[in-house]
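In: What would the 3D arrangement of this be:
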Amino acid sequence: MTNSSKQETADTENTEKTEKKEPEQRRPRPTEVLREARGQLEELTGMAAESVSSFERTEDGWSLQVEVLELERVPDTMSLLGTYQVDLDPDGMLTGYKRIRRYERGRSDGNRR
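Out: Down below sits the predicted model:
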């Protein structure tokens, strides 16, 4: 085989490798994102996520508001809850969180002080 033939074979193999695209990574479903976000927040804060009150897709990924039990009291209506803003990348990995509200379980928004 001549040098020219060897080079053509190598070029063909390289072209085939670059033309083959990596299989597209599957994006997580919204339910998977919710489940994963709750788990990641619980792991980072050590507090139980009770519910997700807001969920939307953003330019940067996902944004959620999660209700978290911060301090359990008796009676239960006096327990302290916090609403956390949770941001995730498009793959559902947590990129940041912050508490945006703290309240007693028994109080509605209209009873804020």
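
In: now the helices: where do they sit in this structure?
Out: Using DSSP state H, the helices of the chain run over 3-19, 30-45.

In: By mean pLDDT, show me the worst of these.
Out: Mean pLDDT values for the helices of the chain show the minimum at helix 3-19, a mean of 58.

In: Could you list the low-confidence segments of the protein?
Out: By pLDDT under 70, the weakly predicted segments of the chain are 1-24, 110-113.

In: Who are the contact partners of residue 67?
Out: With contact taken as Cβ atoms under 8 Å, 6 or more residues apart in numbering, residue 67 is in contact with 49-53, 81-84. (Each C-beta comes from the backbone N, C-alpha and C, glycine too.)

In: if I look at the closest residue to residue 76 other than its chain neighbours, how far off is residue 42?
Out: With Cβ to Cβ, 6 or more residues apart in numbering as the criterion, residue 76 has its nearest non-adjacent residue at 6.3 Å, and that residue is residue 105. Going from residue 105 to residue 42 by Cβ to Cβ, to the nearest Å gives 18 Å.

In: what number of residues lie near residue 53?
Out: Counted with other Cβ atoms under 10 Å, residues neighbouring residue 53 total 10.

In: from what I can see it touches residue 66, true?
Out: Yes: using Cβ atoms under 8 Å, residue 53 makes contact with residue 66 at a distance of 7.3 Å.

In: what is in contact with these two at once?
Out: Here residue 53 and residue 66 share the contacting residues residue 83, scored by Cβ under 8 Å, 6+ apart.

In: wait, what's in contact with residue 61?
Out: Neighbouring residues of residue 61 by Cβ under 8 Å, 6+ apart: 87-92, 95.

In: Any idea what it is bridged to?
Out: Bridge pairing for residue 61 (DSSP bridges) gives the partners residue 58.

In: Which parts of stretch 84-93 count as buried, going by neighbours?
Out: Judged by neighbour count using 16 or more other Cβ atoms under 10 Å, the buried positions of stretch 84-93 are 84, 86-88, 92.

In: Kindly check the end-to-end length of it for me.
Out: Stretch 84-93 has an end-to-end distance of 16 Å (criterion: Cα to Cα, to the nearest Å).
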